[in-house]
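Asks: task: produce atomic coordinates for the following.
(chains A, B, C and D)
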There are 2 protein chains.
Amino acid sequence: MNEQLQPLKKPARPGKAGRSGTQDDIVYAHIFEAILEQRLAPGTKLSEEALGEIFGVSRTIIRRALSRLAHESVVLLRPNRGAVVASPTVEEARQVFFSRRMVERAITELAVQHATHEQLNELRQMVQEERDSFSRGDRGAGIRLSGEFHLKLAEAAGNAPLVSFQRSLVSQTSLIIAQYESGNRSHCSYDEHMQLIDAIEARDAQQAVSLMMHHMDHIDSKLNLDEESASDDLHAVFSHLLKKPKASAKG
Amino acid sequence: MNEQLQPLKKPARPGKAGRSGTQDDIVYAHIFEAILEQRLAPGTKLSEEALGEIFGVSRTIIRRALSRLAHESVVLLRPNRGAVVASPTVEEARQVFFSRRMVERAITELAVQHATHEQLNELRQMVQEERDSFSRGDRGAGIRLSGEFHLKLAEAAGNAPLVSFQRSLVSQTSLIIAQYESGNRSHCSYDEHMQLIDAIEARDAQQAVSLMMHHMDHIDSKLNLDEESASDDLHAVFSHLLKKPKASAKG
DNA sequence: GATTATGCTTTTGTGTACAAAGAATGCAAA
DNA sequence: TTTGCATTCTTTGTACACAAAAGCATAATC
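Replies: Residues are numbered from 1 along each chain as shown, chains lettered A, B, ... in the order given. Have a look, this model is predicted:
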């Protein structure tokens, strides 16, 4: 019960926090990671006090982190009833994918125009990390890194509102993949990511957009949204009743 | 300086006033309105304690409202230095407009497919209100209602992520208009709004999108982003130095 | 035996106190 | 007069305490 984590002064893996180390961001990043890597299942309740004890901070900090996650639709904040990990329905997943196609097309076109060689090299590095994760068999990290690639690409496009929207969409997509993708079909998105970078660097807008759209198709086709939608939808809807609380400290 | 506002005390009972009535939302809405209607100028500092006293609530509530506004990029939250009303630069304005064209196109296409007659009637009512505001000479309310029209249209499109993004874009657009539109050119967006509704109701996607794009062009052309960009940009950049604090209770 | 009522516990919502980081002001020296 | 420094003062950041609401279990009644 008293397995409290290190006092957060030094995050175990500092590389993940988007910004440098305010407690706020660290807690946010850790919960975010845990959700995307499926260490926290959809529907799991996120108690403020429990999280506060785990991270060694007060509920104030936890609350802000949860609020931020809620704004990205990664957790659901129910008034007077606390926060739970979101369980996107099939319909919600479809809406997210619709928006993503729209945004990714725009981002790709802008990236062809604006991305610098330096940015493209950073993207290549990220793809390398992504590949490493998959060859390590670390599926959770792979999903997360794949998402971070798309976010970085948005940054290279140089449109701030788009980046912000993409952040939310990528988060939700990761959650959807974690929930709906059949585990054995390996993701393999890194190959497509690499081709995409090449097309962008060649400033071939048509080819880049085409690759991106196919990439979206592939992600889509790996999900069980179409065939098994009925059963999976039910599972998602009632997952909060099933109560599989994988509280991080307890295992 | 004890000019405390009454309105918030109105729900003398701190009980449940439904979903719209939490103190939180009220404070958020009031500040939001004040900003969009230009009663709070860009760059104005938003002190937590002062606002708390004005609205008769603790800093906790104010802080949450500011955080929410910050997420919509309507206020800027500077660490350890408090919140100020955002002053979008010309470049930021351009980026917002780029995103809006993209989103509005998608929303229009979806609305043609999904909007119900009831929704379209509600939209017509909103346009009526908008027209009334302008004929009353209430420019601030007009800007706000015009924004709310576009938000309602997004809801009629039936895509949740898009609605969320649109909310942020509309807020920023209102701020941009408030800052960059020359005052004498009346907005007159309600006519175009009405035509748009008609095209949507006729399920004429091509016509609706065309009208929407022209509408965007018109909004764009009324701003001083192109010609006077240099001077206005400088003004925007340094507006926080000029300090025109129109504290809401006094003005 | 089932169902509803009621108090008990747990968890969230809000206010407030205290600590820390900036900003402002005044003073001294060049 | 101006510039640099130090002190003071204001404002934000965090923790904590208390209040209110929801959930849970028990018990009583039909």
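
Asks: when you work out contacts or count neighbours from here on, use the C-alpha atoms and nothing else.
Replies: Noted.

Asks: the strands in the stretch 1-150 of chain A, which residues?
Replies: With strands called from DSSP state E, counting those that start in this stretch, the stretch 1-150 of chain A shows them at A:45-46, A:75-78, A:82-85.

Asks: want to throw those strands into CSV with distance to B:Met212?
Replies: Putting those into CSV (distance: least, Cα to Cα, whole Å) gives the following:
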stretch, distance to B:Met212
strand A:45-46, 43
strand A:75-78, 34
strand A:82-85, 38
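
Asks: mind checking which of these is nearest B:Gln113?
Replies: strand A:75-78 (29.1 Å; Cα to Cα).

Asks: which other helices and strands contact that closest one?
Replies: helix A:59-71, strand A:82-85 (3 or more Cα pairs under 8 Å, 6 or more residues apart in numbering or on different chains; DSSP states H and E).

Asks: same list (these) but as JSON lines, adding mean pLDDT and distance to DNA strand D.
Replies: Formatted as JSON lines, these follow (pLDDT from 0 to 100; distance: least, Cα to the nearest atom of the strand, whole Å):
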{"stretch": "helix A:59-71", "mean pLDDT": "94", "distance to DNA strand D": "5"}
{"stretch": "strand A:82-85", "mean pLDDT": "94", "distance to DNA strand D": "9"}
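
Asks: including mean neighbour count and distance to A:Ala34, could these go into JSON lines?
Replies: Formatted as JSON lines, those follow (neighbours: other Cα atoms under 10 Å in any protein chain shown; distance: least, Cα to Cα, whole Å):
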{"stretch": "helix A:59-71", "mean neighbour count": "20", "distance to A:Ala34": "12"}
{"stretch": "strand A:82-85", "mean neighbour count": "21", "distance to A:Ala34": "10"}
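
Asks: dump the ones you listed to TSV, plus distance to chain B.
Replies: Shown next, in TSV, are the helices and strands packed on strand A:75-78 (distance: least, Cα to the nearest Cα, whole Å):
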stretch	distance to chain B
helix A:59-71	9
strand A:82-85	16
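
Asks: re earlier: and of the strands of the stretch 1-150 of chain A, who's closest to B:Lys45?
Replies: Checking these against B:Lys45 by Cα to Cα gives strand A:75-78 as the closest, at 29.7 Å.

Asks: list the buried residues for that closest one?
Replies: By neighbour count on 16 or more other Cα atoms under 10 Å in any protein chain shown, the buried set for strand A:75-78 is A:Val75, A:Leu76, A:Leu77.

Asks: nearest to B:Phe97 among the helices and strands packed on strand A:75-78 would be which one?
Replies: helix A:59-71 (22.6 Å).

Asks: how about A:Ala65, what does it touch?
Replies: A:Asp24, A:Asp25, A:Val27, A:Tyr28 (Cα atoms under 8 Å, 6 or more residues apart in numbering or on different chains).

Asks: what helix or strand is the residue nearest to the spatial centre of chain A on?
Replies: The geometric centre of chain A, computed from its C-alpha atoms, lies nearest to A:Ser171 (Cα atoms, centre = their mean), at 3.4 Å. Assessed by DSSP states H and E, A:Ser171 sits inside helix A:160-180.

Asks: next structured bit after that helix?
Replies: Under the assignment DSSP H and E, the closest C-terminal helix or strand after helix A:160-180 is helix A:189-201.

Asks: for that next one, which helices and strands make contact with it?
Replies: Secondary-structure packing of helix A:189-201 (3+ Cα pairs under 8 Å, 6+ apart): helix A:90-114, helix A:117-136, helix A:205-221.

Asks: 10 Å instead, please
Replies: Secondary structure elements in contact with helix A:189-201, counted by 3 or more Cα pairs under 10 Å, 6 or more residues apart in numbering or on different chains; DSSP states H and E, are helix A:90-114, helix A:117-136, helix A:139-157, helix A:205-221.
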